[in-house]
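# sharing a sequence plus its predicted fold:
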Amino acid sequence: MISIIITAYNAEKTIEKCLKSILENEYSDYEIIIVDDGSTDKTEEIINLFADEKIKYFKKENTGVADSRNYAISKAKGEYITFVDSDDYVLPNFFENLKEYMSKNIDVIKRKAIIIDNMQNQTKIEGAVFDIETGEEAFNKLWHSDKYLDTLWSYVIKKEYLDENNFCFEIGKYHEDFGILPLIILKAKTMISLNQYVYCYVQSENSIMREKNYEKTIKKANDILEHYDNILREVEKYNLNKITKENVRIYCTNTLLQKLKELNKKEKIEYIKKLNKRKVYKNIKIRNLKQLIKRIILTMEIKRMCFNL
């Protein structure tokens, strides 16, 4: 069985479409675990309209998405779990071939998604496709080709694997996906990436507009920097080759720089001070000409942002 985890907060406008898209699939061996993170709108009322025994509904006080996901995982009965955001929906082939790959006891299964923007334009997310590999091999194929590497909705994960490694989402932190997914991939004994588009990620107006709350934006930037530090610390404990560790550093540094572009001048000053203190561009060791070029580009990018304040 597969457990589909949905965390919801004031999702009255989208939760019905989300649930219908799952329930209309012909596959039957699944459960839907919905954790309502203290909604104050009609989310609960809409969910209760679905008289389906597959739906397990839990409502708790508002403690954030990370805590809600951890709670949902603790309630999951399936051998595998996957995540669906309450404002997204899945395609009719969502369960296709899953039974086959779950029977092979694979730790992590990655699939593809389609982005739906606020004008209803569709963009397919590209990325590496490969047969069964180790997590390390998988990361080395994915990190430079898939800019949505750290999005939970791309993955189906064996619950036993999560439990054995005590993987959980850090409560009170933004970008919690980034903080855990690279580690989930790297530690996996087996992983596969399928060329299947099964999920629709809906970019709402809120998700594409820059956060205007200064304190919240700074917290998001600081949280991603803390995740960065933690990932690099944890990776040192793993039995990985030097090339992989280098790729992790490049991936994390690129993610930091992407976040930097979202900040205004005042915010950049504070964030760049922290980047320079850590000398993040020096985390990229030079192995060959290609790596030298990457390090030069990253160094120039940080300096360019400093001068363009």
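Here it is on my side, so go on.
# quick check: next helix or strand after the least confident helix or strand in the chain by mean pLDDT?
None of the helices or strands of the chain scores lower by mean pLDDT, DSSP states H and E than helix 205-208, at a mean of 52. Next along the chain after helix 205-208, taking DSSP states H and E as the criterion, comes helix 214-237.
# how far is whichever helix or strand comes after that next one from where the chain is centred?
Using DSSP H and E, the helix or strand that follows helix 214-237 towards the C-terminus is helix 242-260. A distance of 16 Å separates the C-alpha centroid of helix 242-260 from that of its chain, computed with CA atoms, centre = their mean, to the nearest Å.
# and for stretch 256-267?
20 Å.
# so, low pLDDT: which residues of the stretch 1-150 of the chain?
Scanning the stretch 1-150 of the chain for pLDDT under 70 picks out the ranges 147.
# residue ranges for the strands of it, please.
Using DSSP state E, counting those that start in this stretch, the strands of the stretch 1-150 of the chain run over 2-8, 30-37, 55-60, 80-83, 89-90, 108-116, 122-124, 130-133.
# got a list of contacts for the shortest one?
Translated: strand 89-90. Residues outside strand 89-90 that contact it (CB atoms under 8 Å, 6 or more residues apart in numbering) are 17-18, 20-22, 25, 84, 198-200, 202. For glycine as for every other residue, the C-beta is placed from the backbone atoms N, C-alpha and C.
# what's the farthest-apart pair in the residues you listed?
The most widely separated members of these, counting by CB to CB, are N25 and V202 (18.3 Å).
# and the chain, what are its domains?
Taking automatic domain parsing as the reference, the chain has its domains at 2-208, 214-307.
# pull the distance from stretch 57-65 to the chain's centre.
On CA atoms, centre = their mean, the centre of stretch 57-65 falls 20 Å from that of its chain.
# what are the buried residues along that stretch?
Buried residues in stretch 57-65, counted by 16 or more other CB atoms under 10 Å: 57, 64-65.
# now, which of those residues sits nearest I6?
Closest approach to I6 among the buried residues of stretch 57-65 (CB to CB): Y57, at 9.7 Å.
# same for the strand ranked longest in the chain, what does it pack against?
Secondary structure of the chain per DSSP state E: the longest strand is strand 191-202. Contacts defined by 3 or more CB pairs under 8 Å, 6 or more residues apart in numbering; DSSP states H and E place strand 191-202 against strand 89-90, strand 108-116, strand 130-133, helix 135-142.
# pull out the buried residues from it.
Buried positions in strand 191-202, judged by neighbour count with 16+ other CB under 10 Å: 191-194, 196, 198-202.
# which among these gets closest to K13?
Once CB to CB is applied, the member of the buried residues of strand 191-202 that ends up nearest K13 is V202, at 10.8 Å.
# which one is the closest one nearest to, not counting chain neighbours?
Excluding its sequence neighbours, the residue lying closest to V202 (CB to CB, 6 or more residues apart in numbering) is I116, at 4.8 Å.
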